[in-house]
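**Q** Make a model of this:
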Amino acid sequence: MQPMALHSLSELERASLQEIALYKLQEKLLVGDLSLAEVAPKGSKSLRQKLESFSKEKKDSSPQTFGIPLHQVIANDRAYRQLQEAVRKSRRLCLEVEATVTRFRAQRQKKSPAGRSCGLVPCGVFPEEPLSPLSPGFPDSSSRSQRRGAMSVDSITDLSDNTSKLLEALQLSHPHELDPRRSLGKKQMLSLNPISWQVPRIVDRCCKHIETHGLQTVGIFRVGSSKRRVQQLREEFDQGLDVFLDEQQSVHDVAALLKEFLRDMPDPLIPRELYSPFLSTASMEGPAQLATLQLLLFLLPPCHSDTLHRLLSFLSQVAQHAHSSQGPDGQEIPGNKMTASNLATVFGPNILQKEKPGERDAVAMNFEDSAAIILVLQRLIEHHETLFMVSPEMQLDILRRLFQTDPDVIDYLLRRKFSTTLSTQGEDSAEDRAPALPPALTHTLERSSVSSDLYNKVSFLNLDVEI
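**A** Below is the predicted model of the structure:
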């Protein structure tokens, strides 16, 4: 068994990992009586509340990106993508209809004798005459949505208001909402598939823009920007527009936009309930510090964890270009002067917050806390690659726990892990998507399907011993 990326775990495994990490941190007396529900995104509704609220929502000018909870930003991005896909399908349908009409007219003209065509239909009228909806070859409007899975133009609004909202509710449910112990006796199943990669569009596009155009920009994140241009970009994202950041955009404007997004989040990427535990790691050293930071990261909700991972990976690339270097022709390439420590100084107060912006004592941060924030974020930037990996030992702990609670899924999870290990060389390691799993597999696997040969090879489960 090999180390595994956190976002590659299934939803069921990830929820179990959160509970194991919380137990280990409580053993170390770092988190006290903290519960996973407290760490969950604030303002998140239950599945029933989401579905009920969707029918009452009104289309207004509420912000789509800034100043709203992270999970809502991701939901808005998904709704936009679904709407765009519906529009593309409808356009393809229109092109198909147009091609059908053109072929039909060509066939009619070809079949009609040249001498009688003018007697049946006035010459020069038929090619331009629109076809009746009842004409042969013209698809009935009632069957448009059934052709090749396409969707009629009239159904786009229905998709954006109903279907897409239903998908959002199902996809954005958090593991703590589906915990069987918190569902009034109703056992709800968690997926055996990985949770979709949850990073807001604005964060990913800002990071990609700077990675492409600004890694050598001196003083990135510290040099001033144009307030007018930043405000314009902000308004475009808030209107839900598909904003493309290209070489025409100033790197400093995009950097300022990213900082504003993180600053204006109602709940920071690292929940305030974990502020003190994270800061307590500043006094630790070496492996103990990294091990504790990793357990704390495992507690983060998926949307916060994925977004933080994307941001830390980006900041690590910026830090790698901090110092001057030599190009292939021997010319000197200036560094951006933004080391991991400098980046932690800029981003630390936005990621680790004790109080909400504007609240009393929110600005009055003592020097010790400020220094600890910088040190902790610097460690996260420098070691993000290992911190978001799940060790084989931790994976075994997850399997042991699941054998107690969900023994019927152990067979499938073991097969997936071993097949992944054997085919590591041929797998796509793209970071922006979780590994695809067979969609037909569900949580209702029968325990009778467990292979005894497979279990004989994995004695670490201690099946004969009560765990």
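**Q** any chance you could map the helices in the stretch 251-400 of the chain?
**A** For the stretch 251-400 of the chain, the helices defined by DSSP state H, counting those that start in this stretch occupy 251-263, 275-280, 286-298, 302-320, 340-351, 367-382, 384-387, 392-405.
**Q** And the pLDDT at the nearest residue in space to residue 67 that is not next to it in sequence?
**A** The spatial neighbour of residue 67 that comes closest, neighbours along the chain excluded (Cβ to Cβ, 6 or more residues apart in numbering), is residue 264 at 4.8 Å. To be clear about C-beta, it is placed using only N, CA and C from the backbone, and glycine gets the same treatment. Residue 264 is assigned a predicted lDDT (pLDDT) of 93.
**Q** Then the one 4 residues further on?
**A** Confidence at residue 268, expressed as pLDDT, is 93.
**Q** where along the chain do the strands fall?
**A** With DSSP state E applied, the chain shows strands at 4-5, 325-326, 332-333, 389-390, listed in chain order.
**Q** mind listing what residue 345 touches?
**A** Residues in contact with residue 345, defined by Cβ atoms under 8 Å, 6 or more residues apart in numbering, are residue 374.
**Q** Please apply the same query to residue 68.
**A** If you count contacts by Cβ under 8 Å, 6+ apart, then residue 68 has 62, 266 around it.
**Q** can you check residue 327 too?
**A** residue 333.
**Q** burial count for the nearest residue in space to residue 308 that is not next to it in sequence?
**A** Across the structure, with Cβ to Cβ, 6+ apart as the measure, the residue nearest residue 308 apart from its sequence neighbours is residue 269 (4.7 Å). Residue 269 is surrounded by 22 other residues when neighbours are defined as other Cβ atoms under 10 Å.
**Q** What of residue 78?
**A** Neighbour count of residue 78, defined by other Cβ under 10 Å: 19.
**Q** okay, and for the protein, where does confidence drop off?
**A** Across the chain, the stretches falling below the confidence threshold (pLDDT under 70) are 42-61, 112-188, 357-366, 420-467.
**Q** would you turn the helices of the stretch 251-400 of the chain into CSV with distance to residue 216?
**A** Formatted as CSV, the helices of the stretch 251-400 of the chain follow (distance: least, Cβ to Cβ, whole Å):
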stretch, distance to residue 216
helix 251-263, 10
helix 275-280, 32
helix 286-298, 30
helix 302-320, 10
helix 340-351, 15
helix 367-382, 19
helix 384-387, 22
helix 392-405, 38
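**Q** out of those, which comes closest to residue 28?
**A** For those, distance to residue 28 was read as Cβ to Cβ. The smallest value, 7.1 Å, belongs to helix 286-298.
**Q** which residues sit against the closest one?
**A** Contact partners of helix 286-298, identified using Cβ under 8 Å, 6+ apart, comprise 6, 17-18, 20-21, 24-25, 28, 30, 274, 277-278, 281, 284, 305, 308, 376, 379-380, 383, 386-388.
**Q** Make a PyMOL selection of the buried ones in those.
**A** Buried members of those, identified by 16 or more other Cβ atoms under 10 Å, are gathered into one PyMOL selection as follows:
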select buried, resi 6+17+18+20+21+24+25+30+274+277+278+281+305+308+376+379+380+383+387+388
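**Q** picking up where we left off before, right, and the helices of the stretch 251-400 of the chain - which one's nearest residue 207?
**A** With distances scored as Cβ to Cβ, the stretch of those nearest to residue 207 is helix 302-320 (4.0 Å).
**Q** Buried residues, the closest one. List them.
**A** Neighbour-count burial for helix 302-320 [16+ other Cβ under 10 Å]: 302-316, 318-319.
**Q** rewinding a little: can you put the strands of the chain in CSV and add distance to residue 418 and mean neighbour count?
**A** Putting those into CSV (distance: least, Cβ to Cβ, whole Å; neighbours: other Cβ atoms under 10 Å) gives the following:
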stretch, distance to residue 418, mean neighbour count
strand 4-5, 12, 18
strand 325-326, 42, 11
strand 332-333, 45, 10
strand 389-390, 16, 18
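**Q** Present those strands as TSV; the columns should include distance to residue 396.
**A** Conversion of the strands of the chain to TSV gives the following (distance: least, Cβ to Cβ, whole Å):
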stretch	distance to residue 396
strand 4-5	12
strand 325-326	42
strand 332-333	46
strand 389-390	10
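**Q** and residue 196, which of the ones you listed is closest to it?
**A** Among those, the nearest to residue 196 by Cβ to Cβ is strand 4-5 (14.2 Å).
**Q** Tell me which strands that closest one pairs with, and in which orientation.
**A** Based on DSSP bridges, the strands next to strand 4-5 in the sheet, each with its direction, are strand 389-390 (antiparallel).
**Q** which residues sit against the strand it pairs with?
**A** Under the contact criterion Cβ under 8 Å, 6+ apart, strand 389-390 has outside partners 3, 4, 5, 6, 9, 17, 398.
**Q** Number of residues surrounding residue 405?
**A** A count of neighbours around residue 405, defined by other Cβ under 10 Å, yields 12.
**Q** With residue 399 instead?
**A** 20.
**Q** That one contacts residue 413, correct?
**A** Yes. In this structure, residue 399 sits in contact with residue 413. The criterion is Cβ atoms under 8 Å, and the distance is 6.7 Å.
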